[in-house]
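Peer 1: Got a predicted model here, sequence first, then my questions.
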Protein chains: 4
Amino acid sequence: MHKGAGATHWFIPDAYIPEKSSGLLTSHESVCVLNSSSDDAKLLFTIFFEDREPLEDIAVIVPGRRTLHIRTSSLQKDGAGIPVGVPYAIEVKSDIPIIVQYSRLDSTQAENALMSVVAYAVQ
Amino acid sequence: MHKGAGATHWFIPDAYIPEKSSGLLTSHESVCVLNSSSDDAKLLFTIFFEDREPLEDIAVIVPGRRTLHIRTSSLQKDGAGIPVGVPYAIEVKSDIPIIVQYSRLDSTQAENALMSVVAYAVQ
Amino acid sequence: MHKGAGATHWFIPDAYIPEKSSGLLTSHESVCVLNSSSDDAKLLFTIFFEDREPLEDIAVIVPGRRTLHIRTSSLQKDGAGIPVGVPYAIEVKSDIPIIVQYSRLDSTQAENALMSVVAYAVQ
Amino acid sequence: MHKGAGATHWFIPDAYIPEKSSGLLTSHESVCVLNSSSDDAKLLFTIFFEDREPLEDIAVIVPGRRTLHIRTSSLQKDGAGIPVGVPYAIEVKSDIPIIVQYSRLDSTQAENALMSVVAYAVQ
């Protein structure tokens, strides 16, 4: 049995789904989670906006000894997802320690732009 | 009531507002703040330069349970803002814990370049 | 004699070898290790996937007072390497403290996109 | 009088000066230092390579209450600088706390690619 590593509470202040795509790749963001333990990790995402109440507690499971690269456009609660073209922020809570990295591919122009950060962990 | 998370003192050493834009998007920087607490966060920005005294204590409010993606070109004190095309650095102080990420879109060329860092937190 | 600095256990949740290259540069990822001590560092890489068991304990040596920028496409175990075009994650263990940074160059389009993070260190 | 913030020992494992530039901007790297204290900071850079001994103790001064964005191509010791097109790594020591961020602009292709990390601080 493997023990998990990392932290159980993570934040990404700069999230944004670009409205446009061109060229070979589609604009998107991924929240990349690594669960190095042998147990499943039960995650809850909360989405914060600039001008409205947060979308709270969207559930995602990451199996043990697996990574999951989660497209933010796939996160939904009661049919409500994250709108494109608006600034937002992400909170991730997990029942066991995980590691979280956030990356964005912007293909608004035909040539791509990439950014990535290891999320901020509350220790 | 939600408690805040993060830190109250953050630094971004590499800030720069590109002089040019081309293509579909405008060159800009954003200081992205997440205030996960139920209370408003009162922020003070100080801007450091290579060759002159800092511009101190520019006030910004981030409401409770909200994110704010602040364009650096909007920061002003007594009518003085941040000049374009000069290297500078940013200090952010807050009265309650927040999380800070900094991102830059450079569209000097028609195709875009992106960079992002979680700011450095003083614990 | 120089003592090492950093940590002995590092994680990179967002790894991906792009399938395509165009223009002057080849799409690739590098795991960049700095061993500031006078002794060799013995590293073990584990590669995590979304849909299969991890590839465990690929050995790499970083000599003392040297850096090594390791192409992920060079990592192999019993003839098995990392497939291109699939999301994966990386764990690096070392017998002495090192510092690990991960960077990706994507040249799917002729113009390049770059991203980089300091890996997550378990303290 | 202002006290400094940050750390006195920093590392950047992935450094590289691109050989080519094209378009409007020149390929370069910057080590961006913020000295928020009222005193000057005395820095010593050590440059690590893959295949030769380090270049040790290149001195740089960052004045009090100032930022300095240092082009790595300007770092020299006894006439020896950092060669272009080779992977290397950077250590920064300071006599007082500072904050260090590293950024690279690659304009090998006409359109630019950007990457940035807050350096790794030894606490």
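Peer 2: Done, it's in.

Peer 1: tell me which element the residue sitting nearest the centre point of chain A falls in.
Peer 2: By CA atoms, centre = their mean, chain A has its centre lying nearest to residue A:31, at 2.8 Å. Under the criterion of DSSP states H and E, residue A:31 resides in strand A:28-35.

Peer 1: Over that strand, what's the mean pLDDT, rounded is fine.
Peer 2: Averaged over strand A:28-35, pLDDT sits at 96.

Peer 1: again with stretch A:89-102
Peer 2: Average pLDDT, stretch A:89-102: 98.

Peer 1: Identify the bridge partners of the residue nearest to the centre of chain A.
Peer 2: Counting by DSSP bridges, residue A:31 forms beta bridges with residue A:70, residue A:102.

Peer 1: Mind telling me what element residue A:115 is part of?
Peer 2: Applying DSSP H and E, one finds residue A:115 within strand A:113-118.

Peer 1: In its sheet, which strands sit next to the helix or strand where residue A:11 lies, and in what direction?
Peer 2: Counting by DSSP H and E, the element that carries residue A:11 is strand A:7-15. Strand A:7-15 pairs in its sheet with strand A:88-106 (antiparallel), strand A:120-121 (antiparallel), by DSSP bridges.

Peer 1: what residues does the last one touch?
Peer 2: With CB atoms under 8 Å, 6 or more residues apart in numbering or on different chains as the contact definition, strand A:120-121 has outside contacts at A:6-7, A:9-13, A:100, B:6, B:99, B:101, B:118, B:121, C:120. From N, CA and C alone the C-beta is placed, and that goes for glycine too.

Peer 1: quick one: is the worst-scoring helix or strand of chain A on mean pLDDT near chain C?
Peer 2: Here the helix or strand of chain A ranked lowest by mean pLDDT, DSSP states H and E is strand A:113-118, holding a mean of 93. Yes: applying CB under 8 Å from any CB of the partner chain, one finds that strand A:113-118 is in contact with chain C at A:113-118.

Peer 1: That strand: which residues count as buried?
Peer 2: A:113-118 (16 or more other CB atoms under 10 Å in any protein chain shown).

Peer 1: same for chain D: which of the residues you listed are within range?
Peer 2: By CB under 8 Å from any CB, the members of the buried residues of strand A:113-118 lying near chain D are A:113-114.

Peer 1: Need the max-distance pair from the buried residues of strand A:113-118.
Peer 2: Farthest pair in the buried residues of strand A:113-118 (CB to CB) is A:113 and A:118. Separation: 19.0 Å.

Peer 1: Quick one: mean pLDDT over the strand holding residue A:11.
Peer 2: 98.

Peer 1: orientation of that strand relative to strand A:113-118 in degrees?
Peer 2: Going by axes from the mean of the first three to the mean of the last three CA atoms, to 10 degrees, strand A:7-15 is angled at 150 degrees with respect to strand A:113-118.

Peer 1: Residues of chain A that sit close to chain B?
Peer 2: Checking chain A against chain B by CB under 8 Å from any CB, the hits are A:9, A:11-14, A:16, A:20, A:48-51, A:53-54, A:87-89, A:91, A:104, A:106, A:108-111, A:113-120, A:122.

Peer 1: Need the buried ones from the residues you listed selected in PyMOL.
Peer 2: The PyMOL command for the buried members of the residues of chain A next to chain B (criterion: 16+ other CB under 10 Å) is given here:
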select buried, chain A and resi 9+11+12+13+14+16+48+49+54+87+88+89+91+104+106+108+109+110+111+113+114+115+116+117+118+119+120+122
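
Peer 1: With that, I have no additional questions.
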